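# have a look at this fold, sequence not included:
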């Protein structure tokens with residue numbers, strides 16, 4: 001396993017998950033709910049920033065590796081799944097929508113693994129629709145975690161923005177899953 005800054009950033013994102021979860025289970029005598037929300041949202045945002053940064057640095061410094069290509073999406077999916085489950089428990093997101101999003105992530109990850117074993121992993125590489133889906137997820141989860149008014153943007157209804165973005169993420173989740181499944185099916189027809 002290569003050890004470089006991009007991979008360390010990915011491992012940092014994985015290590016952030018239990019910290020992120022425990023934060024929301026601290027009693028209010030240790031950390032008030034408002035601060036749990038704000039710190040949790042900021043930790044999630046930090047995870048999103050490290051996701052972008054590790055990929056950028058790996059490409060810029062030519063430190064890409066097959067292990068990094070494997071670990072990066074796993075870390076992303078674990079962080080998103082943990083956040084969605086937490087939001088369901090906090091009654092800020094519908095369970096059915098979280099299940100659709102998490103189910104898609106598992107399905108497409110399995111599809112990519114299977115295609116990689118067949119030597120066709122390039123055919124299910126991340127597409128633009130997948131990037132839109134990820135952006136909508138990040139926005140939704142951040143706003144739903146924050147839960148209260150944002151500094152300097154206290155007029156912005158964070159819960160409304162979060163829910164609208166989550167439903168958009170759900171729609172893009174289904175569209176992107178259909179897209180990836182169709183691309184994989186076309187690969188098999190060509191063979």
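Looks like it came in fine. Quick caveat: nothing in here was measured; it's all calculated off a predicted structure.
# let me see the ranges of the helices in this protein.
5-23, 33-60, 66-89, 95-117, 128-146, 158-190 (DSSP state H).
# which ones are touching residue 104?
Neighbour list for residue 104: 173-174, 176-177 [criterion: Cβ atoms under 8 Å, 6 or more residues apart in numbering]. No exception for glycine: its C-beta is placed from N, CA and C like everyone else's.
# in TSV: these, plus neighbour count and pLDDT.
Formatted as TSV, those follow (neighbours: other Cβ atoms under 10 Å; pLDDT from 0 to 100):
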residue	neighbour count	pLDDT
173	24	94
174	13	94
176	22	90
177	21	90
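# tell me which two of these sit farthest apart.
Largest separation among those by Cβ to Cβ: 174 and 176, giving 7.5 Å.
# among the helices of the chain, which is the most enclosed?
When you average the neighbours per residue for each of the helices of the chain (mean count of other Cβ atoms under 10 Å), helix 128-146 leads with a mean of 21.
# for this protein, which residues score under the pLDDT cut-off?
Low-confidence segments of the chain (pLDDT under 70): 1, 121-125, 190-191.
# work out which residue lies at the spatial centre of it.
The C-alpha lying nearest the average C-alpha coordinate of the chain belongs to residue 80 (Cα atoms, centre = their mean; 3.8 Å).
# which ones are touching the residue nearest to that residue when sequence neighbours are not counted?
Excluding the flanking residues, the one nearest residue 80 by Cβ to Cβ, 6 or more residues apart in numbering is residue 137, at 5.9 Å. Contacts for residue 137 were tallied using Cβ under 8 Å, 6+ apart; they are 80, 101, 165-166, 169.
# pull the most distant pair out of those residues.
Maximum distance among these (Cβ to Cβ): 13.1 Å, for 80 and 165.
# and the contacts of stretch 151-167?
Contacts for stretch 151-167 (Cβ under 8 Å, 6+ apart): 92-93, 97, 136-137, 139-144, 146-150.
# swap in 10 Å and give it another go.
Residues outside stretch 151-167 that contact it (Cβ atoms under 10 Å, 6 or more residues apart in numbering): 37-38, 41, 84, 87, 92-94, 97-98, 101, 135-150.
# need the distance between the two termini of that stretch.
25 Å (Cα to Cα, to the nearest Å).
# so how far is it from its chain's centroid?
Relative to the centre of its chain, stretch 151-167 is centred 19 Å away, using Cα atoms, centre = their mean, to the nearest Å.
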